[in-house]
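S.K.: fold the following and give me the result.
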Amino acid sequence: MGIVTEKWNIAFRQAAGYRNTDAPYTALPGDRDGWYADPFLFEYMGKLYLFAEFFSYKTGRGSIVVFEYDCENHGFVKRREVLSQRFHLSYPQVFQRGKSIFMLPETADADALILYRAIRFPDEWREEKVLCAGVKLVDATLLPRGGAVAQSLNADGSPNDFVILENRELEIIRKNASVRERMKSRPGGAFFEEGGRVIGTAQDCSLTYGGALEFYDFETGETVFRLSPLNVRIDSEKAGILGVHTFNSVGGVEVIDYKTDTISLSRIVRRASSIWKGN
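M.R.: Purely as a prediction, here's the structure:
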């Protein structure tokens, strides 16, 4: 095991359109105790919130954190943890049904798909319902016309086909249907409509995890735009951008996550300890 490891972070910009590769993003401040990924935006009571995964180096798993958008200074502030479990959490899509606000994070480590309801938004959540049990579904993403799509995993954790999830009064049922047979990868953000078409975002992991993003027509599977890490501009980011796997846009703001390499201090310590013990 080398001393170099991958690190994810989140960046944002004023909405310029997912095809725009000229307008730069601004990175959120990093955290020495872990990294951020899977950004989702949600508007509520005139405020814009950013929900994301925070992966802790200490625990080795993700929890869900939230930031608030500062309109005056055009940046995200007040990062705080809002949901933590004994298992890994990520990909926190937040949505509203009537007066209730829900979160559908990835909970594949629990061998279930679990829905949460906000008790005190945005800081307090409780488990509402286990939607699917005994399955590993990653990055379940709601469709704008009802239902959701996710990727199933094989018993060994390798990716399988996309599956359609049918939504009826928050009852999500797995159906045997492949959305895109050629895309053996994960969803990469919320679906949206463009010119009467539903556009989905998928991670292209053919060469590396989170290697690129593909925006595609949900009905036909046709790729309408491909976003390569080489086309992502991050202000003040000195490291090379090696991957990108989530994009979302709400309230005039766009967010993205991106991958870089970093030196792992914990791996240096373990390597030094191993060498010292060997002596």
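
S.K.: low-confidence ranges, the stretch 1-150 of the chain, go.
M.R.: Within the stretch 1-150 of the chain, the stretches falling below the threshold (pLDDT under 70) are 1-4.

S.K.: what about the strands in it?
M.R.: Using DSSP state E, counting those that start in this stretch, the strands assigned to the stretch 1-150 of the chain run over residues 4-14, 25-27, 34-44, 47-56, 62-70, 75-83, 90-97, 100-106, 112-120, 124-133, 137-142, 148-153.

S.K.: sheet partners, orientation included, of the fifth one?
M.R.: Meaning strand 62-70. Strand 62-70 pairs in its sheet with strand 47-56 (antiparallel), strand 75-83 (antiparallel), by DSSP bridges.

S.K.: tell me the gap between it and the middle of its chain.
M.R.: What separates the centre of strand 62-70 from the centre of its chain is 12 Å, taken as C-alpha atoms, centre = their mean, to the nearest Å.

S.K.: quick check: buried residues in that strand?
M.R.: By 16 or more other C-beta atoms under 10 Å, the buried positions in strand 62-70 come out as 62-69. Quick note: C-beta positions are derived from backbone N, CA and C, even for glycine.

S.K.: against Pro39, how distant is Tyr215?
M.R.: One correction, residue 215 is Phe, not Tyr. Counting by C-beta to C-beta, to the nearest Å, the gap from Phe215 to Pro39 is 16 Å.

S.K.: more crowded one of the two?
M.R.: Set Phe215 next to Pro39 and count neighbours by other C-beta atoms under 10 Å: Pro39 wins out with 26 against 20.

S.K.: contacting residues around that one?
M.R.: By C-beta atoms under 8 Å, 6 or more residues apart in numbering, the contact set of Pro39 is 10, 12, 50-52, 246, 248, 255-257.

S.K.: mind doing that once more with 6 Å?
M.R.: 10, 50, 52, 246, 255, 257 (C-beta atoms under 6 Å, 6 or more residues apart in numbering).

S.K.: could you do Ile101 as well?
M.R.: Counting by C-beta under 6 Å, 6+ apart, Ile101 touches 118, 121.

S.K.: from here on, call the first residue 24.
M.R.: Happy to do that; since the first residue is 24 now, the last one works out to Ile124.

S.K.: pull up the gap between it and Phe144, please.
M.R.: From Ile124 to Phe144 the distance is 5 Å (C-beta to C-beta).

S.K.: run the chain-centre distance for stretch 90-102.
M.R.: Centre-to-centre, stretch 90-102 and its host chain are 19 Å apart (C-alpha atoms, centre = their mean).

S.K.: distance between the ends of it?
M.R.: 5 Å (C-alpha to C-alpha, to the nearest Å).

S.K.: who touches that stretch?
M.R.: Identification of contacts with stretch 90-102 by C-beta under 6 Å, 6+ apart yields 71-73, 88.

S.K.: compare the strands of the stretch 24-173 of the chain and give me the one nearest Ser259.
M.R.: With respect to Ser259, and counting by C-beta to C-beta, the nearest of these is strand 48-50 at 6.7 Å.
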